[in-house]
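Engineer: structure, please.
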Amino acid sequence: MPLNFVHFYEIPDGSWSVWAQWEECSVTCDLGYKQRNRSCDNHAPQGSGQDCQGSGRQFGACFAGACRSAIG
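Structural biologist: Coordinates of the predicted model:
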């Protein structure tokens, strides 16, 4: 009797790259924000594989120092 083989393989889901460095603060003084990004390309999803879960962008607060007063 011949044997029938069925091959099962995983369809790769997407994987995030590492986070990029934080960008500069959005302001030159006082409180602002900064952001960093990552890409869904550290194994892009293939075939019917799922996209990366979560966000590719992250935000954080930054303080760029006290603003100088124009009075004086």
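Engineer: what ranges of this protein fall below the confidence cut-off?
Structural biologist: 1, 3-9, 72 (pLDDT under 70).
Engineer: quick one: the strands in it?
Structural biologist: 31-37, 57-63 (DSSP state E).
Engineer: now the first one: buried residues?
Structural biologist: Neighbour counts over strand 31-37 (16 or more other Cβ atoms under 10 Å) mark K34 as buried. (C-beta placed from N, C-alpha, C; glycine too.)
Engineer: cool, stretch 52-66 as well?
Structural biologist: 52, 62.
Engineer: kindly report the same for stretch 12-20.
Structural biologist: Residues of stretch 12-20 classed as buried: 13-14, 16 (neighbour count, 16+ other Cβ under 10 Å).
Engineer: could you redo the strands of the chain as a markdown table and give each row distance to G47?
Structural biologist: Below are those laid out as a markdown table (distance: least, Cβ to Cβ, whole Å):
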| stretch | distance to G47 |
| --- | --- |
| strand 31-37 | 26 |
| strand 57-63 | 26 |
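Engineer: and A70, which of these is closest to it?
Structural biologist: Between A70 and the strands of the chain, the shortest separation by Cβ to Cβ is 18.8 Å, and it involves strand 31-37.
Engineer: re earlier: in CSV: the buried residues of stretch 12-20, plus distance to C67.
Structural biologist: Below are the buried residues of stretch 12-20 laid out as CSV (distance: Cβ to Cβ, whole Å):
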residue, distance to C67
D13, 46
G14, 42
W16, 37
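Engineer: relative to A44, which of these is nearest.
Structural biologist: Nearest to A44 among the buried residues of stretch 12-20 is G14, at 5.8 Å by Cβ to Cβ.
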